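> Dropping a prediction and its sequence here:
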Amino acid sequence: MKLTKEDKMLIKKAENVIVKSSSVNLIDTGDVGAALITSNGNIFRGVSLGFYCGIGSCGEYQAIGSMISDGEKYIKTIVAVYYNKKNRKYEVIPPCGKCREMLHQLSKKNWDTEVIVSKSKKVKLKELLPYAWEGTIEK
Ligand SMILES: [Zn+2]
């Protein structure tokens, strides 16, 4: 699927959270920014966290946590952006396997979540996780 104006705005939101978090000035934290828009039209963002001793998480985790904290779980579209310090460019990256699984377990409705995988393409979560485990944490 091609990207919409809203998708491009979401990419900018993910880039902006990287810029904003850079003032915290930590190693390996804030390199990836994620932004999602819920089915209700609300936007949540998060950055990757990287601490020593294997402590950390992806930007998507933080965005999803923020969304849940605000009482929502249905994601219309999600994107993650990596800031490449070598060439100083932002690169849209597909979510890692854990994030794909988290999106799926959150709600079966998120099977149709649109995942932006590059600056010109998005796919549905079900295309990224074709043989998913059927578990969900939904009540
Ligand atoms: Zn991840």
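Cool, the structure landed.

> contacts, neighbours, all on C-alpha from now
Noted.

> what does this protein put close to the ion?
For the chain, the contact set with the ion under C-alpha under 5 Å from the ion comprises Cys58, Cys96, Cys99.

> mind listing which of those are in helices?
Cys99 (DSSP state H).

> among the residues of the chain next to the ion, who's most crowded?
Cys58 (23 neighbours; other C-alpha atoms under 10 Å).

> And the pLDDT for the closest residue to it other than its chain neighbours?
Leaving aside its chain neighbours, Cys58 sits nearest to Ser48 (4.4 Å; criterion: C-alpha to C-alpha, 6 or more residues apart in numbering). Note on Ser48: pLDDT of 96.

> Would you check how far apart Ser48 and Glu134 are?
Between Ser48 and Glu134 the distance is 27 Å, computed by C-alpha to C-alpha, to the nearest Å.

> In terms of neighbours, single out the busier of the two.
Ser48 (23 against 8).

> where does the closest residue to Asn16 other than its chain neighbours fall, phi/psi-wise?
Closest residue to Asn16 apart from its sequence neighbours, by C-alpha to C-alpha, 6+ apart: Gly33 at 7.9 Å. Note on Gly33: backbone dihedrals following degrees, to the nearest 10 are phi -110, psi 140.
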